[in-house]
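S.K.: Give me coordinates for this.
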Amino acid sequence: MSTQANRFPLKVSNTVVRIVAAEVFVVALLALLLRSPWITLALALDFSIRALVTPLASPLRLVGSYAVLPLIRARDALVFFSPKRFAAMLGLSLTAVAFIALAASAYAVAAVALGILLLFSFLEAAFGFCAGCKIYGFLMRLGVIPESWCPECVSM
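M.R.: Here you go, the predicted model:
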């Protein structure tokens with residue numbers, strides 16, 4: 001296997017994904033209410049780890065997997081990681097914009113970026129609806145994202 005294949009799994013636990021989305025919601029809400037660029041930066045770093053390094057090292061994923069998951073009884077399913085990685089990149093983009101906006105005291109811009117993140121993370125956590133995954137699929141159908149990035153996703 002290649003290094004990339006070892007770093008980025010083909011599939012991930014849907015339950016853990018939803019737990020992490022709930023954690024993102026809480027942290028993003030805290031960052032918005034406190035107008036904290038530092039909390040936003042911490043969230044951006046977690047998205048960076050998930051999207052660019054490996055989801056296995058994400059602090060939010062570790063908390064979700066080892067502290068929260070054992071407390072709940074949920075039927076689990078595996079979902080393809082490529083769309084989730086794209087969603088993490090969207091989260092990284094939104095938190096980067098929010099961090100810069102908060103650092104520059106542009107609270108309205110930060111509120112919009114964090115508001116989108118709050119909506120997306122709430123939809124994933126509460127209903128299992130991944131907006132980033134839907135955008136990924138749409139871009140794949142348009143040919144913007146090559147099918148080779150996730151051949152398994154084409155048949156979804």
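S.K.: What separation do you get for the spatially most central residue of the chain and K11?
M.R.: In the chain, the centroid-proximal residue (Cα atoms, centre = their mean) is A88; its distance is 3.5 Å. Separation of A88 from K11 (Cβ to Cβ, to the nearest Å) stands at 15 Å. C-beta: built from backbone N, CA, C; applies to glycine.
S.K.: rewinding a little: centre of the chain to the helix or strand harbouring the residue nearest to the centre of the chain, how far?
M.R.: Using DSSP states H and E, A88 sits in helix 81-103. Taking Cα atoms, centre = their mean, to the nearest Å, one finds helix 81-103 lying 8 Å from the centre of the chain it belongs to.
S.K.: Look up the pLDDT of S148 for me, please.
M.R.: In this prediction, S148 carries a pLDDT score of 80.
S.K.: which stretches of this protein have low pLDDT?
M.R.: 1-6, 154-156 (pLDDT under 70).
S.K.: Quick one: the helices in it, in order.
M.R.: 3-7, 14-34, 37-48, 59-63, 81-103, 107-127, 131-142, 151-154 (DSSP state H).
S.K.: Which of these sits closest to L69?
M.R.: helix 14-34 (6.2 Å; Cβ to Cβ).
S.K.: Go ahead and name everything in contact with the closest one.
M.R.: 36, 39-40, 42-43, 58, 60-61, 63-65, 68-69, 72, 74, 76-79, 84, 91, 95, 98, 102, 110-111, 114-115, 117-118, 121-122, 124-125, 128, 130 (Cβ atoms under 8 Å, 6 or more residues apart in numbering).
S.K.: And the buried ones among the residues you listed, selectable in ChimeraX?
M.R.: In ChimeraX, this line selects whichever of those come out buried by 16 or more other Cβ atoms under 10 Å:
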select :36,39,40,42,43,58,60,61,64,65,68,69,79,84,91,95,98,102,110,111,114,117,118,121,122,124,125,130
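S.K.: list the contacts for P55?
M.R.: F8, P9, V12, I49, R61, F81, K84, R85, A88.
S.K.: make it 7 Å
M.R.: V12, R61, F81 (Cβ atoms under 7 Å, 6 or more residues apart in numbering).
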